[in-house]
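Student: Got a sequence here, can you model it:
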Amino acid sequence: MDAGTSSSAAASARGEAGGGDSSHPPSQRRVDWDEGLAGTDLRDARVRRFFGRVRGVGEAVDGDELPVVLAPMAHAGHLPLRLLALNHGAAAVFSEELVALRLRHVTREDNVELGTIDYYAAGSREALPALVYRTCAMERGRNVLQLGAAGAVEAVEAALEFARDVAGVDINMGCPESSSMSGGMGSALLARPDVACEILSSLRRALPEDMTVTCKIRLMEDARRSVDVVRKFEKAGASAVIVHARRVDQRPREPARWSELAPIVQAATVPIVANGDVFSFEDAVRLARMTGAASCMAARGAIGDPAAPFARRRLRDTHSSVLSYRSARHVADEYLAASELCDNALPVDKWFLAQVPRYRREPESQVLGPALATAEDADAVLAAFGLPSRLGRAQCWAGVSGERTATQWRAAFSRALSVVAVFPTPAASPLLPPAKLLRECAPECGDDMRGCDSGWAR
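Tutor: Below you'll find the model as predicted:
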């Protein structure tokens, strides 16, 4: 589960994610991306890997080397989408914005059943939402926590609570929503650059030196003000600055102002991450070449297709066989597999899946909306997309994947219905796409995956 999850399922046995015991779930295995590095050397390596490097004037952009990161997105940036994005080649993944004042006293718990680290808001164990953040070893070293904060003290206190389990902290300085701005957060900080700089400098002093500190902003009305703000933020200690190429009063339906990013990139001495209208890796390359940005960030594009914005990097960095998703059904198939792995909350899944056809501009959105709204369990959500039941999927996957994997799953999840992913080697750790499994076992199981009874899923 993610935020909005029930306390009963989350209160299962606890255990440290990242252990090497073969009985632990696949999500505990990890790639040690930063082996042998520490301190500022580790931070510099992460900055280059996440956000790229500042290029010289006229230096060409190498598309194969361009990092693309998953944006922080309200309601969408939960662990399932983050795992899919990493599997398809995202350089880093951001959480949805968490309000710092609500995180000053959180409880960190090791969930042995899932192989995750779970953070609960203080005093909310018996009421929803209880779980505010869930992470696992697959994203360790590549996960960035975004905070909404109006002052340095609350930002530092919240960041320190999570410092042992995230690679970086980002401050939201671009959200235009009134609920955020009225509290002095989001884009309200652009009107108070001194406060914003104090937040960044305080985080830089307080956090371990290997962690990145960034901020996500929007374009100012005047190009010179945008440049001035970015220069202040880099002097305050920002490892990189993410610039959403829209102004505060613009909405997503309005085209991003890519052309206004170039002066900011040219004036900055830290990597500038360009954000806005990145729906494919080709979009990212065009944006980087037009502006000189060190890297790019994908938001809505990763909801409609969790592979497309990152797919070129996949050829080198991952074992995923998916370059792009064929349909909303295909997205739902893999997203729900990741959701099972993470024990994600049903309301969160329903909201996310309702957005997928919308951003893909597929006609299913008008049919799926009512079906998802009335779905009372995961099987009803699967049925809305014409997918097999959880039991059918678990039975089929256990049979295809072999006894060794089934044994690991049984020990890790203690129930067959949560078994949905295979990590073939500790070094690679990709999710095995359910669509690939369906193709492999179709002769035995049929298209509905219900004909494969391994005996394990009973």
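Student: and the most centrally placed residue in the chain, backbone torsions?
Tutor: Nearest to the mean C-alpha position of the chain, by C-alpha atoms, centre = their mean, lies residue 82 at 2.9 Å. Here is the backbone geometry of residue 82 (degrees, to the nearest 10): phi -60, psi -40.
Student: nearest spatial neighbour of it, skipping sequence neighbours?
Tutor: residue 93 (4.0 Å; C-beta to C-beta, 6 or more residues apart in numbering). From N, CA and C alone the C-beta is placed, and that goes for glycine too.
Student: related to what we said a few turns ago, ok, the residue nearest to the centre of the chain to residue 263 distance?
Tutor: 32 Å (C-beta to C-beta, to the nearest Å).
Student: same deal with residue 206?
Tutor: From residue 206 across to residue 263, the span is 32 Å (C-beta to C-beta).
Student: next one: residue 360
Tutor: According to C-beta to C-beta, residue 360 and residue 263 sit 34 Å apart.
Student: wouldn't residue 86 be in contact with residue 93 here?
Tutor: Yes - Residue 86 lies in contact with residue 93 (C-beta atoms under 8 Å); the separation is 5.9 Å.
Student: which residues are in contact with both of those two?
Tutor: Counting by C-beta atoms under 8 Å, 6 or more residues apart in numbering, the common neighbours of residue 86 and residue 93 are 139, 142.
Student: helix/strand/coil for residue 104?
Tutor: With DSSP: H, G, I helix; E, B strand; the rest coil as the basis, residue 104 sits in coil.
Student: isn't it right up against residue 159?
Tutor: No - taking contacts as C-beta under 8 Å, residue 104 lies outside contact range of residue 159: 10.3 Å.
Student: Looking at the two, which is more packed in?
Tutor: Neighbour tally, residue 104 and residue 159, criterion other C-beta atoms under 10 Å: the higher count belongs to residue 159, 26 against 15.
Student: Confirm the more buried one sits in a helix?
Tutor: Yes - assessed with three-state DSSP, residue 159 lies in a helix.
Student: which residues touch it?
Tutor: Residue 159 sits next to 100, 145, 147, 169, 203, 206, 207 when contact means C-beta under 8 Å, 6+ apart.
Student: of all those, which comes closest to residue 281?
Tutor: Each of the contacts of residue 159 was scored against residue 281 by C-beta to C-beta, and residue 145 proved nearest at 25.3 Å.
Student: Enumerate the positions of stretch 353-368 that are buried.
Tutor: 353, 354, 355, 356, 357, 358, 359, 360, 362, 364, 365, 368 (16 or more other C-beta atoms under 10 Å).
Student: ok, these vs residue 234, which is closest?
Tutor: For those, the closest approach to residue 234 (C-beta to C-beta) belongs to residue 359, at 32.8 Å.
Student: thought the closest one was touching residue 301?
Tutor: Yes - the pair residue 359 / residue 301 is scored as a contact, 7.5 Å apart, by C-beta under 8 Å.
Student: Which segments of this protein make up each domain?
Tutor: Residue ranges for the domains of the chain, per automatic domain parsing: 7-317, 328-445.
Student: Among the contacts of residue 159, show me the least confident.
Tutor: Within those, pLDDT reaches its minimum at residue 100, with 94.
Student: can you count the residues close to it?
Tutor: 25.
Student: Begin at 59, not 1, for the rest of this chat.
Tutor: Got it, the first residue is 59 from now on, which makes the last one we talked about residue 158.
Student: show me the contacts for it.
Tutor: Contacts for residue 158 (C-beta under 8 Å, 6+ apart) come out as 205, 206, 207, 212, 213, 215, 216, 217.
Student: Pull out the buried members of the residues you listed.
Tutor: Among the contacts of residue 158, those buried by neighbour count (16+ other C-beta under 10 Å) are 205, 206, 207, 212, 213, 215, 216, 217.
Student: so which pair among these is furthest apart in space?
Tutor: Maximum pairwise distance among the buried ones among the contacts of residue 158 (C-beta to C-beta): 13.5 Å, between 206 and 215.
Student: Buried residues, stretch 250-263. List them.
Tutor: Neighbour-count burial for stretch 250-263 [16+ other C-beta under 10 Å]: 251, 253, 254, 255, 256, 257, 258, 259, 260, 261, 262.
Student: Residue 407 versus the nearest residue to residue 357 once chain neighbours are set aside, what's the distance?
Tutor: Computed as C-beta to C-beta, 6+ apart, the closest residue to residue 357 that is not its neighbour in sequence is residue 129, at 3.8 Å. Using C-beta to C-beta, residue 129 is found at 19 Å from residue 407.
Student: cool, residue 120 as well?
Tutor: Distance, residue 120 to residue 407, using C-beta to C-beta: 37 Å.
Student: neighbour count winner among those two?
Tutor: Using other C-beta under 10 Å as the criterion, residue 120 and residue 407 rank with residue 407 on top: 26 against 10.
Student: what helix or strand is the residue nearest to the more buried one when sequence neighbours are not counted on?
Tutor: Leaving aside its chain neighbours, residue 407 sits nearest to residue 397 (5.2 Å; criterion: C-beta to C-beta, 6+ apart). Assigned by DSSP states H and E, residue 397 belongs to helix 386-400.
Student: helices and strands around that helix, which ones?
Tutor: With contacts taken as 3 or more C-beta pairs under 8 Å, 6 or more residues apart in numbering; DSSP states H and E, helix 386-400 sits against helix 137-145, helix 404-418, helix 422-432, helix 436-442, helix 492-503.
Student: Could you tell me the least trusted of those?
Tutor: Among the helices and strands packed on helix 386-400, helix 492-503 carries the lowest mean pLDDT, a mean of 34.
Student: Sketch out the helices for the stretch 159-308 of the chain, chain order is fine.
Tutor: Secondary structure of the stretch 159-308 of the chain (DSSP state H, counting those that start in this stretch): helices at 210-220, 236-239, 251-264, 281-293.
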